[in-house]
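**Student:** Turn this into a model:
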Amino acid sequence: MTYIATLDLNNADAATAATLNAVKAKIGIIPNLFATLAKSPTALNSLLGMNETIANGALSASEREIIALATSQANSCHYCVSAHTLLGKNAGLNAQQMLSARAGNGSETRAGAIAGFTKALVEQRGHVDPATLDQFKSAGLSEADLLEIIVNVVATTLTNYTNNVARTDIDFPVVPLQLAA
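**Tutor:** Predicted structure coming up:
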C-alpha cells in the first residue's frame, strides 16, 4: 500500500505543475516517483537538478544505468530496479549486463569496476577500504570517475529512499527484486 500518495497534477501549484509538465514533455509521462516527489517541490527540483548535471558528466548513459541498477539493488528499491531495467535497455544494456550490474559485476572490465565500486560504496556506506579502491583504479577508473559515481549513487539513493518510504506504485514493467541464486 502506498504511504505517500502521488500529487495529482490538478492539485499542484503553478510552479510544480509547470515542472511536472516539463518532465512529461521531456520523457512522455510523469512517473509516479516524480509525482510523489512533487509533494515537496524542494525534493522534486533537487532530483531534477542533480539529474540534469549528471547527464552532462563524463559517464555514458549505460554506465549511469549500471550505477542506478547496482545502487537500487543494494538499497532493495523494487520501483527503481524496475524503472532502471527499462532505462538500462534504452541505454543499450542487455538483460545479462543489467543482472550483472545489479549483482555488482560486469562482463567488461570497466563495467564490472563501476558496478563493483557502486555496490561496495552503498553496502559499506562510503567506507571503502584503500586496497579495494586501488583495485578499482587499476581496473581503469580514475579519481574523477569515482567522484562521478558517488554523485550518481547519491541521486539514485534519493529516489530509492523516497520510493521505499512512499511505497510508490510501480508504473514501469515490474521485474523481480530478488536476484536468482
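**Student:** which residues of this structure fall in helices?
**Tutor:** Here the chain has its helices, by DSSP state H, at 14-27, 32-37, 41-55, 61-74, 78-90, 95-103, 109-123, 130-138, 143-166.
**Student:** how's the chain carved up into domains?
**Tutor:** 14-55, 61-166 (automatic domain parsing).
**Student:** that older thread, with respect to burial, which of the helices of the chain scores highest?
**Tutor:** helix 61-74 (a mean of 26; mean count of other C-beta atoms under 10 Å). In short, each C-beta sits where N, CA and C put it, glycine included.
**Student:** can I get the CA coordinates of that helix in CSV?
**Tutor:** These are the backbone C-alpha positions of helix 61-74, laid out as CSV (Å, rounded to 0.1, in the frame of the first residue of the first chain):
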residue,chain,number,x,y,z
ALA,A,61,24.2,6.7,-20.2
SER,A,62,24.8,2.9,-20.0
GLU,A,63,27.4,3.5,-17.2
ARG,A,64,24.9,5.7,-15.3
GLU,A,65,22.3,2.9,-15.6
ILE,A,66,24.8,0.4,-14.3
ILE,A,67,25.3,2.6,-11.2
ALA,A,68,21.5,3.1,-10.8
LEU,A,69,20.9,-0.7,-11.1
ALA,A,70,23.6,-1.6,-8.6
THR,A,71,22.5,1.1,-6.2
SER,A,72,18.8,0.2,-6.4
GLN,A,73,19.5,-3.5,-5.9
ALA,A,74,21.8,-2.7,-2.9
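**Student:** Many thanks, we can stop here.
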